[in-house]
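# return atomic coordinates for the entry below.
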Amino acid sequence: MERPSLEFNLPDTHEEGKLYVVDSLNNLNKLNVCPAESQRSVDEEENTGGTGERMAGSNTRNQCLFFITFILTLIISLALVSFVIFLILQTRNEVDQISSRLLSEKKNIEELKKINNIILKHLNQSGVKE
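Numbering: from 1, shown residues only. The predicted structure follows:
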């Protein structure tokens, strides 16, 4: 015994329902995402039955603008990184110079202390008292 199928074969109705849902979602998305001016251009294209050439040109232009913006961002980033590296190297050189000056001054101070001690010993030995 064969059981009769409870499903109806209505491919046209089912497909039309899918298309209606997708179309409704697209319209809702356009209302939420697109600004009013771009929405008008999309509506005009739909009303005139555009072939998509305008959309393809716009897409190419958008890709070109994105690419140019990306390249400019990379160039500016490279310039900033180079400048920061230059500043780091300059600061390092300055710190090296200051540390070498400090070491030489420390040596000078040590020498002056030795000379002071020698002078004090000589004065104490010579018997000069204050």
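
# longest helix of the protein?
What stands out as the longest helix in the chain, according to DSSP state H, is helix 53-126.

# does anything pack onto it? Which helices or strands?
Contacts defined by 3 or more Cβ pairs under 8 Å, 6 or more residues apart in numbering; DSSP states H and E place helix 53-126 against no helix or strand at all. No exception for glycine: its C-beta is placed from N, CA and C like everyone else's.

# output the lowest mean pLDDT helix or strand found in this protein.
helix 36-48 (a mean of 55; mean pLDDT, DSSP states H and E).

# rewinding a little: quick one: mean pLDDT over the longest helix of the chain.
If you average the pLDDT over helix 53-126, you get 92.

# K30: how many residues sit nearby?
K30 has 14 neighbours, counted by other Cβ atoms under 10 Å.

# pLDDT score for it?
The model's pLDDT for K30 equals 71.

# can you tell me the element it falls in?
Following DSSP states H and E, one finds K30 within helix 11-33.

# distance check, I115 against G127.
21 Å (Cβ to Cβ, to the nearest Å).
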